[in-house]
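J.: Could you work out the structure for the sequence below:
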Amino acid sequence: MSSPLQFQLRFTASMELANSLRADPSCAAHPALRAILQTHHATLKCQFDAFADYVSEAERMGIENYPLYQWTRQTIENPEKKAKYLQSFTLHVNGDEVYDKDVADSLEAGLSKLIDANGIVRVSRYDTNPGNNPQPPARV
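T.: Numbers count the residues shown, from 1 in each chain. This is a model prediction of the structure:
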């Protein structure tokens with residue numbers, strides 16, 4: 001029986017690895033990471049790029065329909081936050097942003113083996129319980 005909560009993994013990469021992954025999300029230059037992603041049918045997305053895509057889409061489609069537009073725009077325009085999010089990567093499994101605990105456990109175990117020597121600085125787990133996660137600002 002699966003947990004009612006679902007999970008998302010993110011990892012922080014060294015600047016060198018982050019630049020490589022942003023240039024080639026298939027991870028061709030990092031065989032160990034590529035193998036883990038392929039095993040779990042996972043893809044990665046740089047958080048900064050995801051935020052920039054959200055802002056771009058909002059500006060194309062009408063910002064009134066994007067409640068986090070202002071916050072997200074301010075985030076990507078802030079040099080300190082930009083530096084942070086350029087090194088942060090979200091993992092999607094089978095195209096899904098959140099996934100069951102057993103999938104997250106297995107993926108996290110594989111990624112954790114790459115910490116330090118392989119350019120992975122930290123692996124973080126988030127769940128779908130709003131009480132466990134920072135909430136977006138009520139009004140920006």
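
J.: Now do the residue nearest the centre of the chain against Gln47, distance only.
T.: When the chain is reduced to its mean C-alpha position, the closest residue under Cα atoms, centre = their mean turns out to be Thr90, at 1.6 Å. Taking Cβ to Cβ, to the nearest Å as the criterion, Thr90 is separated from Gln47 by 6 Å. Any C-beta I mention is one placed from the backbone N, CA and C, and that applies to glycine too.

J.: From the rest of the structure, what touches stretch 87-106?
T.: Stretch 87-106 is contacted from outside by 2-3, 5-15, 18, 21, 37, 40-48, 50, 107, 111, 121, 125, 128, using Cβ atoms under 8 Å, 6 or more residues apart in numbering.

J.: show me the biggest helix of this structure in terms of residues.
T.: helix 47-61 (DSSP state H).

J.: Tell me which helix or strand comes right after that one.
T.: Per DSSP states H and E, the first helix or strand lying C-terminal to helix 47-61 is helix 69-77.

J.: List the buried residues in that next one.
T.: By neighbour count, with 16 or more other Cβ atoms under 10 Å as the criterion, the buried positions of helix 69-77 are 69, 72-73, 75-76.

J.: Next, the angle from that helix to helix 47-61.
T.: Between the axis of helix 69-77 and that of helix 47-61 there is an angle of 140 degrees, by axes from the mean of the first three to the mean of the last three Cα atoms, to 10 degrees.

J.: pLDDT on helix 69-77, on average?
T.: Within the predicted structure, the mean pLDDT of helix 69-77 is 95.
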